[in-house]
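Q: Just need the structure, nothing else, for what follows:
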Amino acid sequence: MSKQQGELDLPSLRGRVCVVTGSGNNGIGWGLAVHAGSHLGMHVVLVDLHESVVRQATAQLEALLNDVHPDVRVLGVACDVTDPEQLASCLSHVRAAFPDVPIGAVFANAGVSFNRTIMKSTLAEWQTTLNVNVLGVVNTLKTFVPVLQEQSEESVVCTTASVGGLVRGDGGGSAYQASKHAVVALTESLSFELARRYPQIRVHVLCPCIVSSSLDYNSQVNAAVAAGDSLAEDIEQMPLQSRSDLPMTPERHAEQVFDHIANGHFYMITDNVRPYVDHDFPFDGLSIVKERYDNLFNLQLDNSDAMSPGLLGGPSSSILKGPLWQEMARRSRQESD
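A: Numbers count the residues shown, from 1 in each chain. The predicted structure is shown next:
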């Protein structure tokens, strides 16, 4: 198991800065921000696309924290994560607001979702989904990880994927699931990249099932704003929405996320995934995926080889091991026994 993902003493994050992108829609990001501020006493940076949403979320979190942690400060920053220059400006705002305060956690959480099949989806929806869900994560990492590299303190960097990023597509939300597979893969790569030289940075990928949020609504509204059909200043926070009885509350979800961080789990999978995965598979050829479904809660990332140099002084080529490689190796060992 990755040495980066050893157990973490969460109280050590108190008084440090927690940056959460996509934290103004009362969903996953909001829950993480509330938990970081109210339970861990971290200063919170709320990052979201629209100034009006950021302003409302900031006031709401400040009021919530005033009674439990009056010393905790909240900074709201309107930022488009698909624009590296806006993220650089966001970092400047963070440094100005919290001089000499280390960043303890970065959650690259901003995302969009269009629940359409490949044939019914539009190219614009694919471009938006990949720009936000994949390149937005990359931009966030490239902006904030160098700051964590300069720090000696232990820190956390977490991307938001989905349980849909670990398993096959289900015929809907094709662009979304493709983007979340990409997030899992790039986060695995980041873990290998940082493991040897920066073991103080703990890398995690969040793979939740359904969490109550206004993600679908916000995605449609953002698309309307981009097309000129709505005004950004008219955007407001929306109440929680869900399409089934599976969703977990953002608060309960955040509790589990920080428990996973404390316990050193690279793949952070919430316990409401079980009803989602307990169903029949239509294709015999996907038996390997079903086995992976059944073992989701024990999934680990082994990047231990990244700690030792290869023949040319760089990381060993065998670090190119991900969950699929591990699964294939396990099956091969079973066949040889």
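Q: packing partners for the longest helix belonging to the chain?
A: Ranked by residue count and defined by DSSP state H, the top helix of the chain is helix 174-195. Secondary-structure packing of helix 174-195 (3 or more C-beta pairs under 8 Å, 6 or more residues apart in numbering; DSSP states H and E): helix 123-130, helix 136-150, strand 155-160, strand 201-206. Where you see a C-beta, it was placed from the backbone N, CA and C, and this is true even at glycine.
Q: swap the cut-off to 10 Å and go again
A: strand 103-108, helix 123-130, helix 136-150, strand 155-160, strand 201-206, helix 215-226, strand 267-268, helix 323-336 (3 or more C-beta pairs under 10 Å, 6 or more residues apart in numbering; DSSP states H and E).
Q: What residues does the closest residue to Ala57 other than its chain neighbours make contact with?
A: Nearest non-adjacent residue to Ala57, counting by C-beta to C-beta, 6 or more residues apart in numbering: Gly24, 4.0 Å away. Each residue near Gly24 by C-beta atoms under 10 Å, 6 or more residues apart in numbering is listed here: 30, 33, 46-58, 60-61, 76, 78, 110, 214, 218, 235-237.
Q: Of those, which belong to strands?
A: In this view, the contacts of Gly24 that belong to strands under DSSP state E are 46-48, 76, 78.
Q: Can you tell me which of the residues you listed is nearest Arg252?
A: Leu46 (20.1 Å; C-beta to C-beta).
Q: for the record, mean pLDDT for stretch 200-211?
A: For stretch 200-211, the mean pLDDT works out to 90.
Q: For it, buried residues please.
A: For stretch 200-211, the neighbour count (16 or more other C-beta atoms under 10 Å) marks 201-211 as buried.
Q: again, but for stretch 166-186
A: Within stretch 166-186, the residues that count as buried by 16+ other C-beta under 10 Å are 166-168, 173-186.
Q: do stretch 107-122 as well
A: Buried, per 16+ other C-beta under 10 Å, within stretch 107-122: 107-114, 116, 121.
Q: Reformat these as JSON lines; add distance to His69 and pLDDT.
A: As requested, the buried residues of stretch 107-122 are exported to JSON lines (distance: C-beta to C-beta, whole Å; pLDDT from 0 to 100):
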{"residue": "Phe107", "distance to His69": "19", "pLDDT": "98"}
{"residue": "Ala108", "distance to His69": "24", "pLDDT": "98"}
{"residue": "Asn109", "distance to His69": "22", "pLDDT": "97"}
{"residue": "Ala110", "distance to His69": "25", "pLDDT": "95"}
{"residue": "Gly111", "distance to His69": "28", "pLDDT": "94"}
{"residue": "Val112", "distance to His69": "31", "pLDDT": "92"}
{"residue": "Ser113", "distance to His69": "32", "pLDDT": "87"}
{"residue": "Phe114", "distance to His69": "37", "pLDDT": "84"}
{"residue": "Arg116", "distance to His69": "42", "pLDDT": "83"}
{"residue": "Ser121", "distance to His69": "43", "pLDDT": "90"}
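Q: Mind checking what helix or strand follows the helix or strand of the chain with the lowest mean pLDDT in sequence?
A: Scoring the helices and strands of the chain by mean pLDDT, DSSP states H and E places helix 215-226 at the bottom, with a mean of 48. Going down the chain from helix 215-226, the next helix or strand is helix 250-263, by DSSP states H and E.
Q: That following helix packs against which elements?
A: Helix 250-263 packs on helix 28-38, strand 103-108, strand 155-160, strand 201-206, strand 267-268, going by 3+ C-beta pairs under 10 Å, 6+ apart.
Q: wait, which of those is closest to Ser89?
A: Ser89 sits nearest to strand 103-108 of all the helices and strands packed on helix 250-263, at 16.1 Å, using C-beta to C-beta.
Q: Direction included, what does the closest one pair against?
A: strand 17-21 (parallel), strand 155-160 (parallel) (DSSP bridges).
Q: what inclination does it have with respect to helix 136-150?
A: For strand 103-108 against helix 136-150, the angle by axes from the mean of the first three to the mean of the last three C-alpha atoms, to 10 degrees is 170 degrees.
Q: Kindly export strand 103-108 (C-alpha atoms) in CSV.
A: Output of strand 103-108 as CSV, limited to C-alpha atoms (Å, rounded to 0.1, in the frame of the first residue of the first chain):
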residue,chain,number,x,y,z
ILE,A,103,-2.5,24.7,3.1
GLY,A,104,-3.6,21.5,4.8
ALA,A,105,-6.0,20.1,2.2
VAL,A,106,-7.0,20.7,-1.4
PHE,A,107,-10.2,19.1,-2.8
ALA,A,108,-10.4,19.2,-6.6
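Q: Would you mind getting the angle between it and helix 28-38?
A: Using the same axes, to 10 degrees, strand 103-108 lies at 170 degrees relative to helix 28-38.
Q: how about low-confidence regions in the stretch 51-200 of the chain?
A: 168-172 (pLDDT under 70).
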